[in-house]
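> Output the structure for:
(one chain, ligands or ions: 1)
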Amino acid sequence: MTLRQQSSPAPTATSIFSPTSPVPSAVPVPLPDRTADNDSGTASAEDDGSSAVDGDDTTPEDNNCSRDDDDFAQPRLRLKIPDLEHSGAAKFLGAVNAGTLVAESIAKVQRLLYRSPSETHTTAPPTRSVTLVLREMDGVAYTTGSSLDSDHKEIHFSLSYIDGIKPAERLTDEITGVVVHELVHCYQWDAKGTCPGGLIEGIADWVRLNCDLSPPHWKRETSGNWDGGYQHTAYFLQYLEGRYGEGTVRKMNEKLRLHEYEAKPFWVELLGRPVEQLWEDYVKKVADEAPTDDQTSS
Ligand SMILES: [Zn+2]
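Below is the predicted model:
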């Protein structure tokens, strides 16, 4: 759950596949580098719940993750695996379609954060390329901009982490979930660098949650503050989405594009109440529903 600054040591590598479609031409404000994520599903042995493979494709009408005809412009895509002999590399290549994983995940992220290219109330950033680098490293994954141009993103994903995902049935969903989370960092706004890290990470896991890629151990937690980040904040955002309507997180993201973050005006202008009050309401609601949660998780 820690955030750390990255110096992005992109190793020299082997390009497995590349571009799907043209690079968008707009060049507005870039999204600054993001940081490390040790948040996603643990690869621990007690994870044994869901084993479904990417359910998004089976019922495209049922969620916001599916693609349709008016797709967003897609960035150039690359996959680099410097150490193809690593057992994590074999597991990755066996579990997901490396040729489509990133493109399909980007489409899900774009749809949840920006709805459609014709949506006039949101503006997607001009991410021009995404390179997924699978390599030996500590932690789970992090996203960074290229040192020359932050419209070019690199997602570094730990091969040892992939190697440790258990049970094996979790591989596809866990890999896809981590990639979706990191891709949100390639596409979300961050209030010109002033957005609290907990909200940045919360939005990333909110997208993951809404792509039905939440790990089995995720649950609503009401200890601490709203900005604990990751799934802690993601479920709070989900509550706000339910209370204030579909598109609330999209509006939030758009507000993070336009202005620097100041807690009081940000939340009051967006939802009419300070975030502390919204969090209190959420905690109360979760407590009211607790008996049901206990039954399902015991
Ligand atoms: Zn993250």
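> Could you give the backbone dihedrals for G228?
Geometry field for G228 lists phi and psi as phi -60, psi -20, criterion degrees, to the nearest 10.
> which residues of the stretch 151-298 of the chain fall in helices?
Secondary structure of the stretch 151-298 of the chain (DSSP state H, counting those that start in this stretch): helices at 159-163, 171-187, 197-210, 230-244, 248-258, 263-271, 275-288, 290-297.
> quick one: pLDDT of the closest residue to C195 other than its chain neighbours?
Nearest residue to C195 in three dimensions, chain neighbours excluded: Y261, at 5.0 Å (C-beta to C-beta, 6 or more residues apart in numbering). The way it works is simple: take the backbone N, C-alpha and C, and place the C-beta from them, glycine included. You'll see Y261 listed with a pLDDT of 98.
> correct me, but Y261 touches T194?
Yes. With contact defined as C-beta atoms under 8 Å, Y261 and T194 form a contacting pair (4.4 Å).
> out of those two, which sits in the busier spot?
Y261 (16 against 12; other C-beta atoms under 10 Å).
> give me every residue that touches that one.
Y261 makes contact with 191, 194-196, 199 under the criterion C-beta atoms under 8 Å, 6 or more residues apart in numbering.
> Adding distance to D288 and pLDDT as columns, could you present those in JSON lines?
Formatted as JSON lines, these follow (distance: C-beta to C-beta, whole Å; pLDDT from 0 to 100):
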{"residue": "A191", "distance to D288": "32", "pLDDT": "96"}
{"residue": "T194", "distance to D288": "34", "pLDDT": "97"}
{"residue": "C195", "distance to D288": "30", "pLDDT": "97"}
{"residue": "P196", "distance to D288": "27", "pLDDT": "98"}
{"residue": "L199", "distance to D288": "25", "pLDDT": "98"}
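> So which of those wins on neighbours?
Within the contacts of Y261, neighbour counts (other C-beta under 10 Å) peak at L199, which reaches 26 neighbours.
> Wait, it touches T233, no?
Yes. Contact criterion C-beta under 8 Å: L199 and T233 qualify, at 6.5 Å.
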